[in-house]
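Colleague: Below are the sequence and a predicted model for it; my questions follow.
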Amino acid sequence: MSKLILSVFIATSIDGFIAREDASLDWLETANSSVPEGEDCGFHAFFSSVDILVMGRNTYEKVLSFGEWPYREKPVIVLSSRALEIPPDLRKMVEHSSETPEKLYKRLSEKGLNRLYIDGGDTIRRFLEAGLIHDLTITVIPVIIGKGLSLFGGLKRDVSLKHISSKIYDFGFIQSSFQVIQ
Ligand SMILES: NC(=O)c1ccc[n+]([C@@H]2O[C@H](COP(=O)([O-])OP(=O)(O)OC[C@H]3O[C@@H](n4cnc5c(N)ncnc54)[C@H](OP(=O)(O)O)[C@@H]3O)[C@@H](O)[C@H]2O)c1
């Protein structure tokens, strides 16, 4: 049985934020408007390669606020220690869990899955601290927003990375992939 891989695929501002303090993503939407039609910076290929998307409650609530669920039939696990409202039309795809990263990893490994997509700043940090993230693809958006929700701020231990590749897009996004050195 192959080992379950946990991956991150996320966009940050130059100063390392994934959203403003009020969770807004207007800076990212503005930047996305300069991206040529049909270009998704590798997201579709990445998304197709994952069995399950695991996200924190805050990311889930933000995505719900978009009005249209963007993940189609892909199974999604939302982590939260509290009760979670799941709209009836999403109940087939969305599951609520309050497992620790270690417990979730063990349960899903036993199912023989290949790859999970871990999303949400706090959630990514919890999985990194548990030593469970295998690789990160970070797309840096050429904008400085000064303050916001940090991707790595408050991480409780150093995480060493091996640089795998970087790509500079004509429209100014810089995407780098790293493998975590365990
Ligand atoms: N720029 C990008 O590409 C990008 C990507 C994703 C998200 N975002 C943005 O980032 C923001 C959300 O990130 P975030 O750092 O605030 O949080 P998050 O990781 O989405 O959610 C954190 C919450 O998830 C719950 N949680 C996480 N792990 C848990 C576990 N093992 N057990 C129980 N509960 C767990 C906790 O909620 P409870 O208090 O309910 O227990 C925790 O407060 C949103 O604004 C979103 O739009 C941006």
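Modeller: Everything's here; your move.
Colleague: Would you mind giving both backbone torsions of the most centrally placed residue in the chain?
Modeller: For the chain, the residue nearest the mean C-alpha position is Asp119 (2.5 Å; C-alpha atoms, centre = their mean). Phi and psi for Asp119, reported as degrees, to the nearest 10, are phi -140, psi 150.
Colleague: what does Leu151 give?
Modeller: According to degrees, to the nearest 10, Leu151 has phi -70, psi -40.
Colleague: which element is the closest residue to the residue nearest to the centre of the chain other than its chain neighbours on?
Modeller: Spatial nearest neighbour of Asp119, excluding adjacent residues (C-beta to C-beta, 6 or more residues apart in numbering): Met55 at 4.3 Å. All C-beta spots, glycine's among them, are computed from the backbone N, C-alpha and C. Using DSSP states H and E, Met55 sits in strand 52-56.
Colleague: Run through the residues of this structure sitting next to the ligand.
Modeller: 10-11, 18-19, 23, 25, 28, 55-59, 62, 79-82, 98, 100-101, 119-123, 126, 149 (C-beta under 6 Å from any ligand atom).
Colleague: Sort out which of those residues are buried, if you could.
Modeller: 10-11, 18-19, 25, 28, 55-59, 62, 79-80, 101, 119-121, 123, 126, 149 (16 or more other C-beta atoms under 10 Å).
Colleague: Cross the residues you listed against strands and list the overlap.
Modeller: Using DSSP state E, the members of these that fall in strands are 10-11, 18-19, 55-56, 79, 119, 149.
Colleague: and of these, the nearest to the ligand?
Modeller: Within these, the smallest distance to the ligand is 2.2 Å, found for Gly56 (C-beta to the nearest ligand atom).
Colleague: and Ser7, what are its bridge partners?
Modeller: Tyr117, Asp135 (DSSP bridges).
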